[in-house]
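> This is a predicted model, with the sequence first.
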Amino acid sequence: MISLQISQVYFSYLDGLVLHDINLSIRAGEMVGLLGPNGSGKTTLIKLVSGILKPGQGEIRLDGSSLSRLSRKSVARSLAVVPQQFHIPFAFTIGEVVMLGRIPFLKAFAEESKVDRQFVANTMDLVGISELKERRFDELSGGERQKVILAMALAQQPRLLLLDEPIVHLDIAHQVEILELVKRLNMEQGLTVIGAMHDLNLAALYFDRLILLKEGRIWADGVPAQVLTEDIIRNVFSASVRVEPHPVTGVPHIVVMPKCRQD
Amino acid sequence: MLAKWRDGNRLILILLLLGIGLVLFLFLASAFGAVTISFPNILKMTLNKLAVFDFPATWMSVDETIIFQIRLPRVIGGILVGAALATAGALFQGLLRNPMADPYIIGTSAGAALGATIAMMLPVNLAFLGFGLVPVAAFCGALATVILVYNLARVGNKTPIVSMLLAGFVVSSLLAAIMALLISMSDRLGLNLHSVYSFLMGHISVTSWGQIAVIAPLVIGGIISARFFAFHLNAFSLGEEGAAYLGIEVERDKILILALGSMLTAAAVSISGLIGFVGLVVPHAVRLSLGPDHRLLLPASALAGGIFVVMADLLARTLLAPVEIPVGIITAIIGAPFFIYLLRRTRQEYAF
């Protein structure tokens, strides 16, 4: 099982500081949502945890070992990333795309084994894309493509799944389908999940712990009811909202108050 | 139909078929030329030469000289050139995710051409293993240009692909301008324009086994090493970030793949000048008929590239005999319409 320790991490791009003194610890099996306005550092934090960006200062530890000391390959065997979208310029079939997720486990001249193929087939069943196997990636709708990318990430057998706003381009049915699936894996298999999210209501429904970033700092961290309050949302997003309990689950439900109708 | 049949046997079968095709073209191209020599005679000569059999000679001894000293080195040279260019094209298209990528895209052609031209002006006449100064200068010019382009595009410890394409374009333009200047002063510089032209249009200039002995290990070694990067290139089709998520050391592998592709290209241009379209069209055609998996794409492109150049060189030697057409003209005349056909046939389905 994985646990993640982020200690005193700073990160800046050439044009300015993006993350400021981030300290976080995430236990194995947690499902954590990263929230915050555009430019607050959510994606940067995901990229730091995935290891493709290196912190300017501070340290990130994955299961106790420093991320900067691990090879890309061993990182790819522990964690997988689902970004907003992938563009694939070649006409790979869906089966081939999902099989790409086995690359961290393959030796240079080896073919994928029966085990790899079985694992990929099971993953495609789980995500519900088995009937698309022979279709080509560029023929699919955005929602189907994102399921394929999720299946590819799961084919990496990750213990930590990082989601970088994976559902922003999708319709509501696909958004819910993907979150339901991730939640099920989290509950049944103990998959640790960290997901950057834009939709506060969906985040409240599916994530147990929410971390709110503002201007590169952690502003709030806790269960949805602690983080999604009217005060905090006004401070962080400069948006005027009302927070009510969700009619079924009781988690905070954010109701937007349109300025033009407030008379 | 083949595209639907996806397993290990399919890979072996396709490579076997292409390999047989290559051997057939090797014989075909050896048979025809100024003198036609029959297939049975070629086969007997070869078996005699390999000391497998001892057939009585039913041919003139000059025929044997033509086959073994003139045609075979040239045909094998053509195979090596085609295989090297097609493999380099597949490597660069996969790495750069760019449909117009070919072996020359990052400046190898301009560097090789300038190197060769300068060598042609020098009054020295060195020869080693059948190599004059020109092929050596072309080889070095190609590699030096790629190194320059790579370093120009480098920012910190990263080399963004867009910067590399731009740097390649700018450096190529600059070298082409210097080249044009040299050509415009050819009278005063004692430059033989026919030789320059022949290099630019592509011409397989293998005249001895010594050249093959140097180029073959480079090309065959390069093709085998390229196959090592098949998974990496599959991962690169997700982009550099996606490749990193799959465990690829992006910057390290980028430089290795570039170095390999450039070495293959430099080896090819040193014995053939600038043969166009092979490195662009062959990987596209293979990808469209067999799928984009680089494990099959790389070796299949190498074999198909070999067939394509040998066929084009055969036409170049025989169509207007005794006049020899530059082989690059044949590859362009066949390659360009074929490429347009591929693009139109698959416009909807081939989203690059």
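Nice, I can see it. Numbering: from 1, shown residues only, chains lettered A, B, ... in the order given.
> B:Met100 and B:Leu280 touch, don't they?
Yes - in this structure B:Met100 lies within contact range of B:Leu280 using Cβ atoms under 8 Å: 7.5 Å. For every residue, glycine as well, the C-beta is placed using N, CA and C.
> Which of the two has more residues huddled nearby?
B:Leu280 (25 against 10; other Cβ atoms under 10 Å in any protein chain shown).
> So the closest residue in space to the more buried one that isn't next to it in sequence, which state does it fall into?
Nearest non-adjacent residue to B:Leu280, counting by Cβ to Cβ, 6 or more residues apart in numbering or on different chains: B:Asp102, 4.0 Å away. Classification of B:Asp102 using DSSP: H, G, I helix; E, B strand; the rest coil returns coil.
> Burial check on B:Asp102, number of neighbours?
26.
> Need phi/psi at it.
When read as degrees, to the nearest 10, the backbone of B:Asp102 gives phi -140, psi 180.
> Spit out the contact partners of it.
Contacts for B:Asp102 (Cβ atoms under 8 Å, 6 or more residues apart in numbering or on different chains) come out as B:Gly89, B:Phe92, B:Gln93, B:Gly276, B:Phe277, B:Gly279, B:Leu280.
> swap the cut-off to 6 Å and go again
Residues near B:Asp102 by Cβ atoms under 6 Å, 6 or more residues apart in numbering or on different chains: B:Gly89, B:Gly279, B:Leu280.
> Out of those, which is nearest to chain A?
B:Gly89 (14.1 Å; Cβ to the nearest Cβ).
> any idea which element that closest one lies in?
In the assignment (DSSP states H and E), B:Gly89 maps to helix B:72-96.
> so what's the residue nearest to B:Leu280 scoring on pLDDT?
At B:Asp102, the pLDDT value in this model is 89.
> State the distance from it to B:Pro326.
18 Å (Cβ to Cβ, to the nearest Å).
> do B:Tyr341 as well
23 Å.
> Could you check which of those two is surrounded by more residues?
B:Pro326 (20 against 11).
> Quick check: phi and psi at the more buried one.
Dihedral angles for B:Pro326 - degrees, to the nearest 10 - are phi -60, psi 130.
> Next one: it from B:Met120, what distance?
Distance from B:Pro326 to B:Met120, by Cβ to Cβ: 16 Å.
> What residues does the residue most central in space within chain B make contact with?
Nearest to the geometric centre of chain B sits B:Leu85, at 2.3 Å (Cα atoms, centre = their mean). Residues near B:Leu85 by Cβ under 6 Å, 6+ apart: B:Pro103, B:Ala268, B:Val278, B:Gly279, B:Gly305.
> give me that answer again for 7 Å
B:Pro103, B:Thr265, B:Ala268, B:Ile275, B:Val278, B:Gly279, B:Gly305 (Cβ atoms under 7 Å, 6 or more residues apart in numbering or on different chains).
> Can I get these in JSON lines including secondary structure and distance to chain A?
Listed next are the contacts of B:Leu85 as JSON lines, based on DSSP: H, G, I helix; E, B strand; the rest coil; distance: Cβ to the nearest Cβ, whole Å:
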{"residue": "B:Pro103", "secondary structure": "coil", "distance to chain A": "19"}
{"residue": "B:Thr265", "secondary structure": "helix", "distance to chain A": "22"}
{"residue": "B:Ala268", "secondary structure": "helix", "distance to chain A": "24"}
{"residue": "B:Ile275", "secondary structure": "coil", "distance to chain A": "25"}
{"residue": "B:Val278", "secondary structure": "helix", "distance to chain A": "20"}
{"residue": "B:Gly279", "secondary structure": "helix", "distance to chain A": "17"}
{"residue": "B:Gly305", "secondary structure": "helix", "distance to chain A": "19"}
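> Weed out the non-buried ones from these.
B:Pro103, B:Thr265, B:Ala268, B:Ile275, B:Val278, B:Gly279, B:Gly305 (16 or more other Cβ atoms under 10 Å in any protein chain shown).
> nearest to A:Ser130, of the residues you listed?
B:Gly305 (37.1 Å; Cβ to Cβ).
> wait, that closest one sits on B:Leu280?
No - using Cβ atoms under 7 Å, B:Gly305 makes no contact with B:Leu280, being 10.8 Å away.
> burial measure for B:Lys49, as a count.
13.
> how about the nearest residue to it, chain neighbours excluded?
Using Cβ to Cβ, 6+ apart and skipping residues adjacent in sequence, the residue nearest B:Lys49 is B:Phe68, 6.7 Å away.
> Contacts only, for the residue of the stretch 101-250 of chain B found nearest chain A.
Here the stretch 101-250 of chain B gets closest to chain A at one residue, B:Gly247, 3.1 Å apart by Cβ to the nearest Cβ. Going by Cβ under 7 Å, 6+ apart, B:Gly247 touches A:Arg72, A:Lys73, A:Val75, A:Ala76, A:Ile103, A:Pro104.
> Identify the residue nearest it in space, chain neighbours excluded?
Per Cβ to Cβ, 6+ apart, closest to B:Gly247 is A:Ala76, 3.1 Å.
> show me the contacts for A:Ala204.
A:Pro224, A:Leu228, A:Val251, A:Pro252, A:His253.
> export those to JSON lines and tack on distance to A:Ile22, secondary structure and pLDDT?
Below are these laid out as JSON lines (distance: Cβ to Cβ, whole Å; DSSP: H, G, I helix; E, B strand; the rest coil; pLDDT from 0 to 100):
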{"residue": "A:Pro224", "distance to A:Ile22": "21", "secondary structure": "helix", "pLDDT": "95"}
{"residue": "A:Leu228", "distance to A:Ile22": "20", "secondary structure": "coil", "pLDDT": "94"}
{"residue": "A:Val251", "distance to A:Ile22": "25", "secondary structure": "coil", "pLDDT": "92"}
{"residue": "A:Pro252", "distance to A:Ile22": "24", "secondary structure": "strand", "pLDDT": "92"}
{"residue": "A:His253", "distance to A:Ile22": "28", "secondary structure": "strand", "pLDDT": "93"}
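> Let me know the closest of those residues to chain B.
Nearest to chain B among these, with distances taken as Cβ to the nearest Cβ, is A:Pro224, at 28.6 Å.
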